[in-house]
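Visitor: I'll drop the sequence and a predicted model, then ask my questions.
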Amino acid sequence: MDLDDTLGLVLERLDSQATLIRAASTCKRWRSFIADPAFLRRFRSRHRHARAVVAGDYFMLSSPFRHLALGLEPPAGRTGALFVPSSPAIDAGRYSLDFLAGAGVERWTVVDSRGTLLLLHCTLPWHHPGDGFTPDLVVCEPHTQSCKRILPPPDTSVDNFMFWGSYLVDGDAADDVGDRISMSNFRVLCELSRRSDGVNVTAMFTGGATDSSSSWGEKKAAVDVAPPWPLLRLMGRAAGKWYFYFQSRKMIVFDGSTGEFSSSMLPPIVDWDLHIWHFKFYVTEGRDRKPRVFTVFDDTMKVLAMMDDDGGEWAPEKTVLLSEATRGLPGYKPSFFNQPLNILTRAPGFVILSTRTEDWWTFSIDLETMEAALAPAEEDLGAMAYPCELPWPPPFHACLDQ
């Protein structure tokens, strides 16, 4: 075994992408070795189950529809997407979405993310949430400032189909450096229902390197999802999966890595069916980027975690009495907890809530410690976080010749 073989065996066993980037800065020889596509494929294959390095999270700021639904006055001057880096070492400017305007993309909303990509809905001025129109879709990669506009699936006019949502899905196979999703290797699934009979329908777009290799597949009946889309209440997204509540403690789960649906069961700790449309339970991520279910009923918040990696069942993990956890925070009043609380933001590791009193009071709960902290109103980040990963292959910076 020569030195290159030995070096390869050592570097392939590094524990993460971040460690690999640091190793590449050691010397030019290591950088050249690591940047080789054959090595990157082996490294990616070996670490395919490892958690990716998240550059940060996008939040859609202050949707007026969300504030009006909560009985609140929509704030002025704060719209669009905000990128919150996961580390001070991440240059947030590289993840700005200002380039979209130059590409002719206006009136957009971030609706999903996967890998380094974002999925946007691009609507016309007369389109509104819930009107059934299928919007143009845009897939973009912020750090390369590239984007691809996707017209709606053929023959899906609003007269024949109702549009319910769209989601990013990994490509059919890994590309030449082992990446399963990129601007030349992605899929988008659209949820539709036929107006004539209400049957659930899905359409899958496959994105390739060229326009000729990018197209919509045939529409198919969603046989794995029996309940009509309108009866599924969105709970949130976590770890690359979307979660919807149906009934009888059953959740429908959409996996962005496979494009397939499955189910999961919640424990009988509350009457889930009674509260399905009260918006008091959601899914988000913990600081470990693993999925959590949390509930806010009366004055109590509960956090649930998966019992195993298969994701079949959930079990209670933590509980906190909110009136006690927030006692001592500036502006605290016991009367704040005499009526239901608003859930404003679900983000990795924390949740932001507010009172429904005249003097609107916001606070956050850390999902790991269950400790409370004051959250000024201007920190309302939007309802949900959309994580964006560091690119693959990683950006290797110049290093000293050693």
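Guide: Arrived safely, thanks for sending. Numbering: from 1, shown residues only.

Visitor: so after the one helix or strand in the chain whose mean pLDDT sits lowest, what's the next helix or strand?
Guide: Here the helix or strand of the chain ranked lowest by mean pLDDT, DSSP states H and E is helix 64-69, holding a mean of 42. Elements were assigned by DSSP states H and E; along the chain past helix 64-69, the next helix or strand is strand 81-85.

Visitor: Confirm residue 387 sits in a helix?
Guide: No. Under DSSP: H, G, I helix; E, B strand; the rest coil, residue 387 falls outside any helix and is assigned strand.

Visitor: what's it in contact with, if anything?
Guide: 54, 56, 57, 58, 113, 285, 289, 348 (Cβ atoms under 8 Å, 6 or more residues apart in numbering). For every residue, glycine as well, the C-beta is placed using N, CA and C.

Visitor: Mind picking the two most distant members of these?
Guide: Greatest spacing in these, by Cβ to Cβ: 58 and 289 (15.2 Å).

Visitor: Of the two, give the one with the bigger neighbour count.
Guide: Legend: neighbour count by other Cβ atoms under 10 Å for residue 58 and residue 289, higher for residue 58 (23 against 15).

Visitor: mean confidence for the host helix or strand of the more buried one?
Guide: If you go by DSSP H and E, residue 58 is part of strand 54-60. Averaging pLDDT along strand 54-60 gives 89.

Visitor: Any chance of a ChimeraX selection covering the buried ones in the contacts of residue 387?
Guide: Applying 16 or more other Cβ atoms under 10 Å to the contacts of residue 387, the buried members can be selected in ChimeraX as follows:
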select :54,56,57,58,113,285,348
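
Visitor: picking up where we left off before, who are the packing partners of the strand holding residue 58?
Guide: strand 81-85, strand 108-114, strand 342-347, strand 385-389 (3 or more Cβ pairs under 8 Å, 6 or more residues apart in numbering; DSSP states H and E).

Visitor: what comes into contact with that strand?
Guide: Strand 54-60 is contacted by residues 80-86, 90, 92, 95, 109-110, 113, 118, 143, 289, 345, 347-348, 381-390 when judged by Cβ under 8 Å, 6+ apart.

Visitor: Outline the domain layout of this structure.
Guide: Domain assignment of the chain by the TED database yields the ranges 1-50, 97-227.

Visitor: now the ones you listed in a markdown table, with mean pLDDT and distance to residue 237?
Guide: Below are the domains of the chain laid out as a markdown table (pLDDT from 0 to 100; distance: least, Cβ to Cβ, whole Å):
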| stretch | mean pLDDT | distance to residue 237 |
| --- | --- | --- |
| domain 1-50 | 75 | 20 |
| domain 97-227 | 84 | 7 |
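
Visitor: Can you say which of those domains is packed in most?
Guide: Most buried of those, by mean neighbour count (mean count of other Cβ atoms under 10 Å): domain 97-227, with a mean of 17.

Visitor: Between the two ends of that one, how far is it?
Guide: Start and end residues of domain 97-227 are separated by 36 Å (Cα to Cα, to the nearest Å).

Visitor: next one: stretch 154-164
Guide: Stretch 154-164 has its terminal residues 16 Å apart, counting by Cα to Cα.

Visitor: Repeat that for stretch 160-180.
Guide: Stretch 160-180 has its terminal residues 34 Å apart, counting by Cα to Cα.

Visitor: Could you give me the buried positions within stretch 339-352?
Guide: Here stretch 339-352 shows 341, 342, 343, 344, 345, 346, 347, 348, 349, 350, 351, 352 as buried, counting by 16+ other Cβ under 10 Å.

Visitor: Ignore what I typed, I meant stretch 82-90.
Guide: The neighbour-count check on stretch 82-90 (16+ other Cβ under 10 Å) flags 82, 83, 85, 86, 90 as buried.

Visitor: then that stretch to CSV, C-alphas only?
Guide: Listed next in CSV are the C-alpha coordinates belonging to stretch 82-90 (Å, rounded to 0.1, in the frame of the first residue of the first chain):
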residue,chain,number,x,y,z
LEU,A,82,-34.2,36.3,6.4
PHE,A,83,-31.2,34.1,6.5
VAL,A,84,-29.9,33.2,10.0
PRO,A,85,-26.4,31.7,9.8
SER,A,86,-25.7,28.7,12.1
SER,A,87,-22.2,30.1,13.0
PRO,A,88,-20.5,33.5,12.9
ALA,A,89,-18.0,31.9,10.5
ILE,A,90,-20.8,31.7,7.8
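
Visitor: what sits against residue 286?
Guide: Contacts for residue 286 (Cβ under 8 Å, 6+ apart) come out as 292, 305, 348, 349, 367, 368.

Visitor: Inside strands: which ones of those?
Guide: Judged by DSSP state E, strands contain the following of the contacts of residue 286: 292, 305.

Visitor: Among the contacts of residue 286, list the two that are farthest apart in space.
Guide: Pairwise distances across those (Cβ to Cβ) peak at 14.3 Å, for the pair 305 and 348.

Visitor: for this structure, what spans make up the helices?
Guide: Under the criterion DSSP state H, the chain contains helices at 3-12, 17-24, 28-35, 37-46, 64-69, 99-102, 322-325.

Visitor: now these as CSV including distance to residue 281?
Guide: Output for the helices of the chain, formatted as CSV (distance: least, Cβ to Cβ, whole Å):
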stretch, distance to residue 281
helix 3-12, 42
helix 17-24, 34
helix 28-35, 44
helix 37-46, 36
helix 64-69, 17
helix 99-102, 34
helix 322-325, 15
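
Visitor: and of those, who's closest to residue 197?
Guide: For these, the distance to residue 197 is smallest for helix 64-69, at 29.5 Å, taking Cβ to Cβ.

Visitor: Report the contact partners of residue 199.
Guide: Taking Cβ under 8 Å, 6+ apart, one finds 193, 221 in contact with residue 199.

Visitor: Can you list phi and psi of it for me?
Guide: phi -70, psi 140 (degrees, to the nearest 10).

Visitor: gap between it and residue 147?
Guide: 33 Å (Cβ to Cβ, to the nearest Å).

Visitor: so residue 285 touches residue 243, yeah?
Guide: No. Counting by Cβ atoms under 8 Å, residue 243 is not a contact partner of residue 285; they are 11.3 Å apart.

Visitor: what do the two both touch?
Guide: By Cβ under 8 Å, 6+ apart, the residues touching both residue 285 and residue 243 are residue 291.
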